[in-house]
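**Student:** whatever this is, show me its structure:
(2 chains)
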Number of protein chains: 2
Amino acid sequence: MRSDLEAVRARGLRIKQPSGEFVLQDVQAEDAPERIGPCDLVIVALKTTANGRLKELIEPLLHERTAILTLQNGLGSDEELARLFGAERVMGGLCFICVNRTAPGEILCIEPGSVSLGEFGRPVSARLKEVAGMFVRAGVQCHTGDNLAALRWRKLVWNVPFNGLSIAAGGVTTDQILAEPALEGEVRALMREVIEAARLFGHEFPLSLIDQQIEHTRPMGPYKPSSLIDFLAGRAVEVESIWGEPLRRALAAGAAVPKLALLYALLVRLTQH
Amino acid sequence: MRSDLEAVRARGLRIKQPSGEFVLQDVQAEDAPERIGPCDLVIVALKTTANGRLKELIEPLLHERTAILTLQNGLGSDEELARLFGAERVMGGLCFICVNRTAPGEILCIEPGSVSLGEFGRPVSARLKEVAGMFVRAGVQCHTGDNLAALRWRKLVWNVPFNGLSIAAGGVTTDQILAEPALEGEVRALMREVIEAARLFGHEFPLSLIDQQIEHTRPMGPYKPSSLIDFLAGRAVEVESIWGEPLRRALAAGAAVPKLALLYALLVRLTQH
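**Tutor:** Have a look, this model is predicted:
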């Protein structure tokens, strides 16, 4: 923990939920991995914009069989961890949740949602099932899948257009995007680009996923995608993992992603602080 | 004249130039076309966002052979005037100038540049040459061309990317656009889309025009495209004539303009005040 450490040591971790709140009094929080030492499982929840620090932060936590689970957004972190620490250690996960840190040591959980886990480049393992079981026992819905990369591309089908356009269209919520027909058309077209790029990597999503995602988003009302929240708060936006890395892989595979390329270029500039 | 009328009646029209300034004391300015009545030539310098008023503003100025010259930006005004008043009246022109209104009755002319004129759908006529001669005698460089539509598309090759990205990338000048490699790439790709759309209408521009326009723009330094100036001042931006109408025509002709479509959708939303 960084800026939250003192608050959490003094008052624990406060979790606010629509159903009420509770406090975890005795949190094992540290400000340096050296103070923790080797453990069996490392869960990586860093912003991908801090991935340059993965090596120094994780190395002190490893013993020979330590597993590493990255819950980070977008593409690139699985491969980066595999390169640094060995592919066999790496598992990845996607969080379909709505959670914000509202103050030091204070977390607002609007929608607990679910977490999907996969091994990096391998089918579901006994180890992965064990980790999923820990999430479930802690009250978190958790699924496992044989194809982590496909899960990641599928999440991009939503994140690329909505997170991106919410910033590029001037700081707008998902309902404002869908209220403008030209922008809804661009959401759909960007989703199609991502789906067709994913297909070149062997991940087949039906085009009906587009309607499905749009109709799932409408009832969310004035929802601020996580990248917009970061942007409006002046925090780093995960431009490379959500748009840059998918764009580079899509282009390398020969996909036609002209809209993704334009959106990425705008976001690179818009998020320069 | 609208908001400038009183100032101009009281103090004339002040023209500031790098070489000095001068004042036109006796300006024939009116606030309603009815007070002017029929004349031989009407020059239309309205923002295209006010084109809904063309009929009421121009009708009182017409006699049987009145010619109408529109110096407005983008696409659509020639056709709109032709539809309202007859194609035979219409001439069009493009202003390659750098002029701002800095205060009521006060005009800053940074770069007098030049004006290019053409007949609507016809080659250069005696009438057009006569009008061009009037510009030249007034000290304005003036060219005439046989293909007004081609001139308009050619100007869009610059205006679509630079005016558009200067707004969509967060209010940036042309040098800031060219300083970001991803954005320069998008400038080039948008230029290519416009050039290839124009080709479907019979207007052939070499792709070398792209390099040429970029190299022409670099020495302009921190230049604010006119649409950005409007945007930053909270004035209406000519979204439909510069992006919307070219997009609709390109799509109708079967052109692939995915980046133009995204840029247009963003601008529609960004310029809603």
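**Student:** now do the residue positioned nearest the centre of chain A, the pLDDT please.
**Tutor:** Geometric centre of chain A, nearest residue: A:Asn73, 2.5 Å, by CA atoms, centre = their mean. Looking at A:Asn73, its pLDDT stands at 94.
**Student:** same check on the one 4 residues further on?
**Tutor:** pLDDT, A:Ser77: 98.
**Student:** show me where the stretch 101-250 of chain A has helices.
**Tutor:** A:126-137, A:148-168, A:174-179, A:181-200, A:208-217, A:226-232, A:239, A:245-252 (DSSP state H, counting those that start in this stretch).
**Student:** quick one: which of those is nearest chain B?
**Tutor:** Proximity to chain B (CB to the nearest CB) singles out helix A:181-200 among the helices of the stretch 101-250 of chain A, at 3.7 Å. (Each C-beta comes from the backbone N, C-alpha and C, glycine too.)
**Student:** tell me the pLDDT at the nearest residue to A:Leu270 once chain neighbours are set aside?
**Tutor:** Spatial nearest neighbour of A:Leu270, chain neighbours left out: B:Gly170 (4.8 Å); criterion: CB to CB, 6 or more residues apart in numbering or on different chains. We have a pLDDT of 96 for B:Gly170.
**Student:** residues near B:Gly170, how many?
**Tutor:** Using other CB atoms under 10 Å in any protein chain shown, B:Gly170 has 17 neighbouring residues.
**Student:** state the distance from it to A:Pro112.
**Tutor:** 35 Å (CB to CB, to the nearest Å).
**Student:** looking at the helices of the stretch 101-250 of chain A, which is nearest to B:Ala32?
**Tutor:** helix A:181-200 (36.0 Å; CB to CB).
**Student:** do the closest one and chain B meet?
**Tutor:** Yes - Helix A:181-200 reaches chain B (CB under 8 Å from any CB of the partner chain) through A:Ala182, A:Leu183, A:Gly185, A:Glu186, A:Ala189, A:Leu190.
**Student:** export those to JSON lines and tack on distance to A:Glu80?
**Tutor:** Converted to JSON lines, the residues of helix A:181-200 next to chain B look like this (distance: CB to CB, whole Å):
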{"residue": "A:Ala182", "distance to A:Glu80": "37"}
{"residue": "A:Leu183", "distance to A:Glu80": "33"}
{"residue": "A:Gly185", "distance to A:Glu80": "35"}
{"residue": "A:Glu186", "distance to A:Glu80": "30"}
{"residue": "A:Ala189", "distance to A:Glu80": "30"}
{"residue": "A:Leu190", "distance to A:Glu80": "25"}
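**Student:** please pick the buried ones from these.
**Tutor:** When the residues of helix A:181-200 next to chain B are checked for burial by 16 or more other CB atoms under 10 Å in any protein chain shown, the buried set is A:Ala182, A:Leu183, A:Glu186, A:Ala189, A:Leu190.
**Student:** tell me how far the ends of stretch A:167-175 are from each other?
**Tutor:** Stretch A:167-175 has its terminal residues 13 Å apart, counting by CA to CA, to the nearest Å.
**Student:** off-centre distance for it?
**Tutor:** Computed by CA atoms, centre = their mean, to the nearest Å, the chain-centroid distance of stretch A:167-175 equals 19 Å.
**Student:** any buried residues in it, and which?
**Tutor:** Using 16+ other CB under 10 Å as the test for burial, stretch A:167-175 gives A:Ile167, A:Ala168, A:Ala169, A:Gly170, A:Val172, A:Thr173, A:Thr174.
**Student:** enumerate every residue touching the second one.
**Tutor:** A:Ala168 makes contacts with A:Leu263, A:Leu266, A:Leu267, A:Leu270, B:Ala168, B:Leu266, as judged by CB atoms under 8 Å, 6 or more residues apart in numbering or on different chains.
**Student:** and the stretch 51-200 of chain A, which residues reach chain B?
**Tutor:** Remark: the part of the stretch 51-200 of chain A in contact with chain B comprises A:165, A:168-170, A:172, A:176-177, A:180, A:182-183, A:185-186, A:189-190, using CB under 8 Å from any CB.
**Student:** list the buried residues of stretch A:262-273.
**Tutor:** Using 16+ other CB under 10 Å as the test for burial, stretch A:262-273 gives A:Leu262, A:Leu263, A:Tyr264, A:Ala265, A:Leu266, A:Leu267, A:Val268, A:Arg269, A:Leu270, A:Thr271.
**Student:** for stretch A:101-120, same thing?
**Tutor:** For stretch A:101-120, burial by neighbour count (16+ other CB under 10 Å) applies to A:104-109, A:112, A:115-120.
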